[in-house]
Every structure is written in structure tokens, then in C-alpha cells.
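Novice: Turn this into a model:
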Amino acid sequence: MRETKFRQLKPDPLYHSLKMAKFINYLMLRGQKETARRVVYQTLEILGRQTKKDPLGVFEEAVSNVSPLLEVKSRRIGGATYQVPYEVKKERQMTLAMKWIIQAARSEKGQPMAKKLAKEVMAASQGEGKAVQRKTNTHKMAKANQAFARFAR
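Specialist: As a prediction, this is how the structure comes out:
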């Protein structure tokens, strides 16, 4: 089997962070990277003002709080479909955490994206918010289907 080749990502220009560059790419819609960058940088500015801490540190903490350890995948065995729990690899943990934070922020209405994102990142860094709730639900689902772990490949 061939090994997967991943594209090398350049760090973001302001914070020189690969995680931040990845987050900007996940937030980006219709190829508008500059708009996504502006929103993320405004978010970090708001976080810095509100928490009086390093905004990058708050962001990192939020991502680690939302990162799931387990997830369930559907597996069809003998005519029945089971929800089989699997451990999540580090790279996928980060991807899911970032996507869940963005989804939670987008689900809010009536405020600029930077404010919604700052609110969700701050809540996630404190172990609260919709993204953390989603992680909890994922873990509960995996725990409930622990009996089917024997079907894991």
C-alpha cells in the first residue's frame, strides 16, 4: 500500500503558526482567504482584549478541549449496521475540533463572524459551548456502543 502524501502548508503571516493557517483554511468560503484571515485576526484581537491573555494560547486551549478521543463509524456486518467506536488520530482530532468550533460559531445568528467565533473559542477554552457539547455527545455515543468495539478493524 502506498503512503499518503500531504501538502506542505505555509504558516500564517501574522502568528507564524501552522495551526492558525489550517484554521483559516477551514473557515474560508469560496476561496476568499483574505476575508477568512481578517475574521480570524479580529477574533484573536477580541480574545486578547476580553481575556487579557495570549490569544493564541486561548485558541490552542480551546482546540485541545474540543478534540475528541473517540468517535463512532458505521460498519455493516452480516446485514446489520453497527456504530463501532474507534480511537481518533491526532491529526483528525485537531481537524474535527477546528471544524466543530467553526460550525458552532456559524450556527449563531445576528452578529459578525469574528464576534461569534471569539465567543465560541472563549467558551471552548473554558470547557463550555456547543463545540464541547458535541465532543461530549460523541464520547457518550462511543461509550454506549462499546460492546461493538470487537468489530473494529
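Novice: just the strands in the chain please.
Specialist: Assigned strands in the chain, in chain order: 70-77, 80-87 (criterion: DSSP state E).
Novice: Next, the buried residues of the last one.
Specialist: Right, the one you point to is strand 80-87. Along strand 80-87, these residues count as buried under the neighbour rule (16 or more other C-beta atoms under 10 Å): 82, 84-85. (C-beta placed from N, C-alpha, C; glycine too.)
Novice: Pipe these into JSON lines and attach pLDDT and distance to Q32 per row.
Specialist: Below are the buried residues of strand 80-87 laid out as JSON lines (pLDDT from 0 to 100; distance: C-beta to C-beta, whole Å):
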{"residue": "Y82", "pLDDT": "91", "distance to Q32": "41"}
{"residue": "V84", "pLDDT": "92", "distance to Q32": "38"}
{"residue": "P85", "pLDDT": "94", "distance to Q32": "37"}
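Novice: Looking at those residues, which one is closest to M20?
Specialist: P85 (30.9 Å; C-beta to C-beta).
Novice: Please list all residues in contact with the closest one.
Specialist: By C-beta atoms under 8 Å, 6 or more residues apart in numbering, the contact set of P85 is 70-72, 141-143, 145-146, 148-149, 152.
Novice: Go ahead and name everything in contact with stretch 88-98.
Specialist: 19, 22-23, 26, 62-64, 66-71, 131, 135.
Novice: Out of those, grab the one that's most surrounded.
Specialist: Each of the contacts of stretch 88-98 was scored for neighbours by other C-beta atoms under 10 Å, and V66 scores highest at 30 neighbours.
Novice: Pretty sure W100 is one of the things that one touches, is it not?
Specialist: Yes. Applying C-beta atoms under 8 Å, one finds V66 in contact with W100, separated by 5.6 Å.
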